[in-house]
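Q: The following comprises the amino acid sequence and a computationally predicted model.
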Amino acid sequence: MKIYNLKNLTKGEVNNICSRSIIDDNLVKSRTAEILKRVKEEGDSALFAYSELFDSVTLPKLFLDEEELKSIAAHIPEKVKNSIDIAYQNIYAFHKNQVIAEPKIETMPGVTCWRENRPIEKVGLYVPGGTAVLPSTFLMLGIPAKIAGCKEIVVCSPPQINGKVNCYIAYVALLLGITRIYLMGGAQAIAAMAYGTETVPRVYKILGPGNRYVTEAKKTVQNTVAIDMPAGPSEVLVLADETANPSYLAADLLAQAEHGIDSQSILVSTSQNIIEETLKEIDLQLNILPRKEIAAAALRNSFIILSENLDESINFSNQYAPEHLILATKNNEKIIPLIINAGSVFIGSLTPESAGDYASGTNHTLPTSSFAKAYSGVSVDTFIKKITFQQLDINGLKNIGTTVETLAEAEGLQAHKNAISIRLRDIK
Ligand SMILES: NC(=O)c1ccc[n+]([C@@H]2O[C@H](COP(=O)([O-])OP(=O)(O)OC[C@H]3O[C@@H](n4cnc5c(N)ncnc54)[C@H](O)[C@@H]3O)[C@@H](O)[C@H]2O)c1
Ligand SMILES: N[C@H](CO)Cc1c[nH]c[nH+]1
Ligand SMILES: [Zn+2]
């Protein structure tokens, strides 16, 4: 991990770190563009070809149906099944609470305005399955989609080496009432859902995290289809003072580092001692991880920042806008109101980020690459459109009439004015 002293960094260097320019993505951009173009032009045949190229499987067909999912799901170990069920309940409870009907507002006597929720009819969920298969992500996307009431839910996930999905993904599908999974990953899956192919239906909005190819593809197809947000590769920023526990800090930094070679883990601390102890802990813990090569590569893209005081640390964090922010200080409660940009926040030494990744209830599909400055993580709202309604009665038309006529005239739009005047004449 690179170590910086915040007071020695120029504004430009801080900007550079915060822009994630450490990850060079020109190659990813050109490869992704090529994949999108080919799927758009060739449809299914490109999808079969990319499965062979990237996933090393020759697929007989591009999806698994309900019967196949049932037979795969039958192999799920009881312990994992029970844990998925508990995670499901917590995620469901947290998201169900997000459905709020707004009251109607009478802005003037006789002028009533309100908004109603409508589910997006066709959504496409991307469930990552490259270096690790993530049934937890399937829960994070599928539960709010179901609560929102989306009619058509298309799900894509990369095929495993046997040409199927694993039993956890199959089990979550059945739990959610999803009866088909399309076997495709990466940019080609995003292209299929954005443009449609002979087999894969085109959707109105694509949601879900993924690696750099997936994220780049989602960003590119935005002139055709809506997306949730750029989500991935994973990141964490830990704010720690001298009271933090270095072994917990190391564990949390490594948890995100093991996601992928391009993950980023950042420690910002006011304590030189905590930094040194955390580095020692990282060495110890890294060596026993099965995915140590991946985590070690991610740590080479990661860094530690020594800051003078907590205010400086918070400013840096707001500028970096991390996907996950962990607060490991003696004054966490005071920091909370100062957080402006973050995807999701984990407070105190007993709140590991892994809890939110799997089961506490909050959504783990979160904005990365500083997009937390403008985007929220996935929620029921991500699957909903809000339609505004209004109704005027005679009183309302009389009350608002002159205002609208005057403004229409000021804009030189006579027909707009007439639409009011013609009615006012009738009710006088
Ligand atoms: N921000 C979030 O909300 C969030 C949540 C969960 C996971 N994630 C991130 O999702 C990512 C999952 O990545 P993953 O790779 O394990 O799975 P993935 O499913 O995102 O990607 C796998 C696919 O990538 C494509 N691919 C791989 N190498 C390629 C290459 N060289 N050229 C073109 N395409 C290629 C293949 O088609 C493969 O099927 C991780 O980066 C993780 O950090 C983010
Ligand atoms: N940390 C990831 C979001 O960046 C989510 C996840 C899934 N499984 C484990 N972690
Ligand atoms: Zn994680």
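A: Alright, I've got the coordinates. Ligands and ions are numbered 1, 2, ... in the order given.
Q: Run me through the strand neighbours of the helix or strand hosting residue 390, direction for each.
A: For residue 390, the element it lies in under DSSP states H and E is strand 384-392. Its sheet considered, strand 384-392 pairs with strand 111-119 (antiparallel) by DSSP bridges.
Q: List the buried residues for the partner strand?
A: 111, 112, 117, 119 (16 or more other Cβ atoms under 10 Å). For every residue, glycine as well, the C-beta is placed using N, CA and C.
Q: re the thing from before, in the strand holding residue 390, what's buried?
A: For strand 384-392, a neighbour-count test (16+ other Cβ under 10 Å) marks 384, 385, 392 as buried.
Q: excluding its backbone neighbours, what's nearest the last one?
A: This points to residue 392. Nearest non-adjacent residue to residue 392, counting by Cβ to Cβ, 6 or more residues apart in numbering: residue 111, 5.4 Å away.
Q: Tell me the residues of the stretch 201-350 of the chain that contact ligand 1?
A: The interface of the stretch 201-350 of the chain toward ligand 1, taken as Cβ under 6 Å from any ligand atom, is made up of 209-211, 213-214, 231-234, 259-260, 263, 323.
Q: quick one: least confident of those?
A: Of all those, residue 232 carries the smallest pLDDT score, 86.
Q: contacting residues for that residue?
A: Residues near residue 232 by Cβ atoms under 8 Å, 6 or more residues apart in numbering: 128, 209, 210, 211, 212, 214, 215, 260, 368.
Q: and what of residue 347?
A: Counting by Cβ under 8 Å, 6+ apart, residue 347 has contacts 327, 332, 336.
Q: Most neighbours out of those, which is it?
A: residue 327 (25 neighbours; other Cβ atoms under 10 Å).
Q: Please tell me how far the residue nearest to residue 392 sits from ligand 2.
A: Separation of residue 111 from ligand 2 (Cβ to the nearest ligand atom, to the nearest Å) stands at 45 Å.
Q: again, but for residue 106
A: Distance from residue 106 to ligand 2, by Cβ to the nearest ligand atom: 44 Å.
Q: of all the contacts of residue 232, which comes closest to residue 254?
A: residue 260 (12.9 Å; Cβ to Cβ).
Q: and the helix or strand containing residue 295, does that touch ligand 2?
A: Assigned by DSSP H and E, residue 295 falls within helix 292-300. No: judged by Cβ under 6 Å from any ligand atom, helix 292-300 makes no contact with ligand 2; its nearest approach is 12.0 Å.
Q: Could you name the helices and strands sitting against that helix?
A: With contacts taken as 3 or more Cβ pairs under 8 Å, 6 or more residues apart in numbering; DSSP states H and E, helix 292-300 sits against helix 246-257, strand 264-269, helix 272-286.
Q: Identify each buried residue in the first one, please.
A: Applying a neighbour-count criterion of 16+ other Cβ under 10 Å, one finds 246, 248, 249, 250, 251, 252, 253, 254, 255, 256, 257 buried in helix 246-257.
Q: Reformat those residues as JSON lines; add pLDDT and distance to residue 222.
A: JSON lines is the format used below for these (pLDDT from 0 to 100; distance: Cβ to Cβ, whole Å):
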{"residue": "246", "pLDDT": "98", "distance to residue 222": "42"}
{"residue": "248", "pLDDT": "98", "distance to residue 222": "39"}
{"residue": "249", "pLDDT": "98", "distance to residue 222": "37"}
{"residue": "250", "pLDDT": "98", "distance to residue 222": "38"}
{"residue": "251", "pLDDT": "98", "distance to residue 222": "36"}
{"residue": "252", "pLDDT": "98", "distance to residue 222": "32"}
{"residue": "253", "pLDDT": "98", "distance to residue 222": "32"}
{"residue": "254", "pLDDT": "98", "distance to residue 222": "33"}
{"residue": "255", "pLDDT": "98", "distance to residue 222": "30"}
{"residue": "256", "pLDDT": "97", "distance to residue 222": "26"}
{"residue": "257", "pLDDT": "97", "distance to residue 222": "29"}
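Q: which two from those residues end up farthest apart in space?
A: Within those, two members stand farthest from each other by Cβ to Cβ: 246 and 256, at 16.7 Å.
Q: Where in the chain is the helix or strand with the lowest mean pLDDT?
A: Of all helical and strand segments in the chain, the minimum by mean pLDDT, DSSP states H and E falls on helix 11-18, at a mean of 90.
Q: what sits against the residue nearest to residue 381 when sequence neighbours are not counted?
A: Spatial nearest neighbour of residue 381, excluding adjacent residues (Cβ to Cβ, 6+ apart): residue 98 at 6.7 Å. By Cβ under 8 Å, 6+ apart, the contact list for residue 98 reads 144, 147, 379, 380, 381.
Q: which phi and psi does residue 98 have?
A: Backbone torsions of residue 98, given as degrees, to the nearest 10, read phi -80, psi -10.
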